[in-house]
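# fold the following and give me the result.
(one chain, ligands or ions: 1)
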Amino acid sequence: MFDIQYILFVMIPGLIISGGASLLVKAAFNRYSTVTSRRGYTGAQAAARLLDVAGIGDVQIVPTHGYLTDHYNPQTKQLALSEEVYASNSLAAIGVACHEAGHAMQHATNYAPLGLRSAIVPAAGIGSSIGYMVMAVGLFVHPFVVGIGAVIFSAVLLFQLVTLPVEFDATARAKRLVVEAGIVDEDECYGIDRTLNAAALTYVAAVITTLLTLLYFLVRSGLLGGRDD
Ligand SMILES: [Zn+2]
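The predicted model follows:
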């Protein structure tokens with residue numbers, strides 16, 4: 001079903017970009033997981049302290065299974081921290097926990113991109129399954145069908161683009177408050193910065209791989225740049 005151009009221009013670059021980003025996150029997280037913070041705050045304590053400073057009292061901090069599965073759920077107002085973050089007093093754990101607290105702050109302050117992101121979730125789900133299928137089938141049917149598939153698939157790109165300001169802002173809030181809240185000292189910020197900057201790369205990588213996929217189908221169908229076969 002997939003030709004050599006798909007493998008060369010979409011699959012291999014996609015694997016290198018997303019695989020590379022995920023390797024960098026793991027490397028940064030593992031590295032700063034071994035650097036303990038001076039004041040000894042654990043991830044859970046750091047998140048609790050940050051929420052407290054931000055005046056948020058209705059968010060529950062809970063442990064969750066898995067590696068780097070940390071997330072904030074706006075529906076349940078639960079801030080879920082993976083076991084390695086929840087009870088660890090490393091700079092990496094504090095960074096991740098404070099980033100998630102940043103999402104809770106976004107929710108509490110009605111940060112618009114967060115609401116927009118949640119609203120796009122269903123469309124993005126349809127885009128990645130049905131949109132992709134319609135584009136792929138369209139290559140054998142008619143460029144017009146590829147175009148329809150591309151429009152549906154674009155919801156994925158939109159979702160990933162809106163995710164960027166949400167993620168960058170959560171990290172910015174964490175960095176801004178973590179010293180102010182007395183969780184770490186100024187000179188410990190490097191470990192938090194490097195962990196969170198690496199995590200931000202994965203969201204950029206997702207945008208690039210989705211763009212490659214979209215471009216492939218548009219070019220291959222002749223909708224973009226004219227047919228070459
Ligand atoms: Zn995040």
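
# which helices and strands sit right next to the helix or strand of the chain with the lowest mean pLDDT?
Least confident helix or strand, the chain: helix 4-6 with a mean of 87, by mean pLDDT, DSSP states H and E. When contacts are defined as 3 or more Cβ pairs under 8 Å, 6 or more residues apart in numbering; DSSP states H and E, helix 4-6 packs onto helix 189-220. Backbone N, C-alpha and C define where each C-beta goes, glycine included.

# so how far is the helix it packs on from its chain's centroid?
Its chain's C-alpha centre and that of helix 189-220 lie 9 Å apart, by Cα atoms, centre = their mean, to the nearest Å.

# output the below-cut-off pLDDT ranges for this protein.
Scanning the chain for pLDDT under 70 picks out the ranges 1-2, 226-229.

# list the contacts for the residue nearest to the spatial centre of it?
When Cα atoms, centre = their mean is applied to the chain, the residue found nearest the centroid is residue 203 (4.6 Å). Residues counted as contacts of residue 203 (Cβ atoms under 8 Å, 6 or more residues apart in numbering) are 160, 163-164, 167.

# cool, residue 51 as well?
Residues near residue 51 by Cβ under 8 Å, 6+ apart: 57, 59, 61, 79, 101, 104-105.

# what sits up against stretch 114-129?
74, 103, 106-107, 152-156, 158-159, 162-163, 166.

# now do the buried residues in it.
Neighbour counts over stretch 114-129 (16 or more other Cβ atoms under 10 Å) mark 114, 117, 120, 123-124, 127-128 as buried.

# could these go into TSV alongside distance to residue 144 and secondary structure?
Formatted as TSV, those follow (distance: Cβ to Cβ, whole Å; DSSP: H, G, I helix; E, B strand; the rest coil):
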residue	distance to residue 144	secondary structure
114	36	helix
117	31	helix
120	25	helix
123	21	helix
124	23	helix
127	18	helix
128	21	helix
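
# farthest-separated two in those residues?
114 and 128 (20.5 Å; Cβ to Cβ).

# circling back to that earlier point, the contacts of stretch 114-129 in helices, which ones?
Mapping these onto helices (DSSP state H) picks out 103, 106-107, 152-156, 158-159, 162-163, 166.

# now residue 46: how far from the ion?
15 Å (Cβ to the ion, to the nearest Å).
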